[in-house]
Structures are given as structure tokens and as C-alpha cells.
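Peer 1: Let me see the structure of the following:
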Amino acid sequence: MKRETKHDRSHNKNLSTGYFRLMEERIRQLTAQGKNKAASNSRCALKHLRAYRKGQDILLADVTHLLVSEFQDYLIRKEMKLNTVSLYLRMLRAAYNYAVEEELISEDRHPFRKAFTGQEKTRKRALPPQVVGRILTVRLSDPQLEFARDLFLFSLYTQGMPFVDIAHLKNTQVRNGCIVYRRHKTHRTLQVRIDPHAQRIIDKYRTAGSASPYVFPILHPREDGSLGYDSALRVYNKRLHHLSKLIGLDEPLTSYVSRHTWASLARANGISDTIICEAMGHNNVATTSIYLASLDTDTIASANQRLIASLTQGLL
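Peer 2: Next up is the predicted model:
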């Protein structure tokens with residue numbers, strides 16, 4: 001990689017004297033490198049920093065432990081989850097560390113040394129069968145809520161398929177009664193036999209003659225070249241939150257709940273942990289992977305059909 005010249009560094013210094021401008025520069029760099037997730041997270045962190053500062057930028061030399069601590073308290077007062085607070089602080093810290101490494105600031109006083117940048121262990125949430133039944137049968141007059149409900153159920157019907165993989169699911173990956181896709185997170189290729197309940201949802205939203213390569217109308221090209229996945233995920237979770245209120249849940253549904261629910265219900269229906277791990281495309285320790293490799297699609301499909309039958313008996 002070509003090292004920056006003094007001229008380049010001087011130019012960067014002019015751009016990045018203020019924290020806002022530094023973050024904007026880092027977002028441009030991350031986007032150019034194809035690191036869209038990091039760019040999106042940095043953009044959100046900057047948005048909240050701007051709000052906290054009421055639009056007034058701050059010099060890098062004026063970033064102190066006290067400022068970081070007060071900003072952290074500001075985020076917590078907005079009732080953000082600690083993992084979200086940690087994420088935003090890590091994005092700001094990464095930009096600050098970049099400025100130190102590139103000598104845009106002469107001294108590193110470690111202003112983030114006491115900030116919470118770790119991970120809070122979250123409780124895995126799974127729904128009991130009776131709650132899934134309420135989701136299945138609740139009457140919805142809003143097509144957008146109905147779409148969110150259908151995507152949630154589609155995840156259940158497809159062995160806990162994550163929302164990111166549902167959003168990117170292409171028509172070419174649905175063939176011969178199966179879905180064949182590669183998980184975004186683990187890059188493992190999975191084959192899922194399509195249950196009739198899942199097929200009904202596919203047929204409901206697949207538009208004949210549509211130019212879109214995707215099964216569901218979730219992703220749409222944007223001016224910045226992205227497909228708007230992060231925005232789609234936020235909208236999906238917002239709609240699930242609304243759905244939660246309609247069925248009287250104390251804690252809101254999220255995109256992850258369907259996945260955890262499938263695993264929990266699978267175990268309750270006598271499906272072994274080994275089959276569950278294989279069905280969900282988890283990477284595991286080497287010894288376990290040897291056993292997982294011997295499982296075939298028929299075994300997993302049979303287990304998935306038993307689970308779906310326990311939820312949807314009498315609905316078809």
C-alpha cells in the first residue's frame with residue numbers, strides 16, 4: 001500500500017481538524033474500501049454526536065475523557081442498548097486512533113480508555129408455541145405489518161433463516177422445491193426444503209415479470225450504490241415492534257427472535273442439537289463439524305416439517 005506523502009498528510013489535516021470532518025473522511029474511506037457496514041455504523045455514530053453537540057464541531061485536541069463520558073451518558077439516557085452505545089463509541093474511537101496514527105493530532109491522551117466498548121451478554125429470546133400461534137392468527141389491516149409478519153414466519157418455516165439472508169434471497173436460489181443459499185455470516189452453503197407454508201409466502205410476494213432478482217421486495221438500489229439493507233432492517237424491526245404491541249407482548253419482537261424460536265422449538269420437538277446446528281448453518285468446533293458433515297438434507301427437512309406441523313396444525 002502506498003504511504004501518504006507530507007502533502008497528502010497536510011491535506012488530510014485540513015480536512016480532519018474537527019471531529020465531524022474526520023468522521024466524514026473516514027466514512028468516505030470505508031465506503032471506498034467496500035466496508036459498507038462499518039461506514040453505516042460510523043454514519044450513525046456521527047449523527048448522534050452531531051445531535052449531542054447541537055451541530056457544533058469539536059477539535060481533535062479538545063476530545064477528552066470527560067467529553068467521551070458525557071456523550072456515553074447522553075446515549076444511555078436516550079435508552080439505547082449498551083451494545084449499541086458500545087458500537088458507536090468504537091466507531092468514534094477508530095476514527096480518533098486513525099488521526100493519531102496519521103499524526104493529525106500530536107498526542108494521544110486515550111480519551112476512550114474508560115468508555116464502554118465491550119459487549120453486553122444478551123439473553124437469547126425464544127417464543128413459546130402459544131405466542132407463535134397469536135402471531136399466526138392475529139388479524140392485520142396494514143399490508144406493511146402483514147409483510148413483516150410473513151417474513152418473521154418465513155424465517156421460522158426455513159429453519160431460522162436470518163433476515164439478512166432472506167433479504168438477499170434471489171429467485172435463482174429457489175428451485176426444485178428447495179432453497180440453496182450461502183449464509184452471509186458464516187459463508188456456509190445451506191439447502192432448505194421448502195415447506196408448503198413457506199411456499200405460500202414466496203408465491204404471495206413474488207411478482208411475475210418483475211425485473212428484481214430478489215424473492216422479496218426488501219432491497220432497493222440507492223443513489224450511493226447500496227441496496228439499503230441497513231434501512232430495511234430498521235424498518236423491519238420497527239414493524240415487528242408494532243406487531244408485538246398488537247399481540248400483547250411485554251418485550252418487542254426483533255429479527256433475531258424467529259431464529260432463536262426455531263432453535264428452541266426444534267429442541268422441544270426432540271430434534272438433537274447436532275441437527276439444529278447443521279440446519280441453522282452454524283460453524284462449530286472441529287470435532288462437532290465432523291459429525292455435522294454426515295447429515296443430509298432429508299434428515300433436516302424431516303425435522304423441520306415436524307416442527308412446522310406442531311405450529312400450524314389445522315391452518316392449511
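Peer 1: from here on, contacts and neighbour counts on C-alpha atoms
Peer 2: Noted.
Peer 1: so how far is Gln305 from the closest residue to Gln191 other than its chain neighbours?
Peer 2: Spatial nearest neighbour of Gln191, chain neighbours left out: Val180 (4.5 Å); criterion: Cα to Cα, 6 or more residues apart in numbering. According to Cα to Cα, to the nearest Å, Val180 and Gln305 sit 17 Å apart.
Peer 1: got a list of what the residue nearest to Gln191 touches?
Peer 2: 173-174, 189-192 (Cα atoms under 8 Å, 6 or more residues apart in numbering).
Peer 1: The same query, at a cut-off of 6 Å, please.
Peer 2: For Val180, the contact set (Cα atoms under 6 Å, 6 or more residues apart in numbering) comprises 173, 190-191.
Peer 1: So which of these are in strands?
Peer 2: 190-191 (DSSP state E).
Peer 1: which among the contacts of Val180 end up buried?
Peer 2: 190-191 (16 or more other Cα atoms under 10 Å).
Peer 1: Same list (the contacts of Val180) but as JSON lines, adding distance to Glu102.
Peer 2: As requested, the contacts of Val180 are exported to JSON lines (distance: Cα to Cα, whole Å):
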{"residue": "Gln173", "distance to Glu102": "45"}
{"residue": "Leu190", "distance to Glu102": "43"}
{"residue": "Gln191", "distance to Glu102": "47"}
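Peer 1: so where's the stretch 1-150 of the chain uncertain?
Peer 2: The stretch 1-150 of the chain contains residues with pLDDT under 70 at 1-16, 107-108, 119-124.
Peer 1: how about the helices in it?
Peer 2: Using DSSP state H, counting those that start in this stretch, the helices found in the stretch 1-150 of the chain span residues 6-16, 19-32, 36-52, 65-77, 82-101, 129-137, 143-157.
Peer 1: Spatially, what comes nearest to His220 if we skip its sequence neighbours?
Peer 2: Excluding its sequence neighbours, the residue lying closest to His220 (Cα to Cα, 6+ apart) is Leu227, at 5.0 Å.
Peer 1: Based on its surroundings, how many neighbours for the one you found?
Peer 2: 15 (other Cα atoms under 10 Å).
Peer 1: Tell me both backbone torsions, phi and psi, for it.
Peer 2: phi -100, psi 0 (degrees, to the nearest 10).
Peer 1: now the one 10 residues further on
Peer 2: Torsion angles at Asn237 (phi, psi; degrees, to the nearest 10) stand at phi -70, psi -40.
Peer 1: which SS state does the closest residue to it other than its chain neighbours fall under?
Peer 2: Once flanking residues are discounted, Asn237 sits nearest to Thr254: 5.3 Å by Cα to Cα, 6+ apart. Under DSSP: H, G, I helix; E, B strand; the rest coil, Thr254 falls in the coil class.
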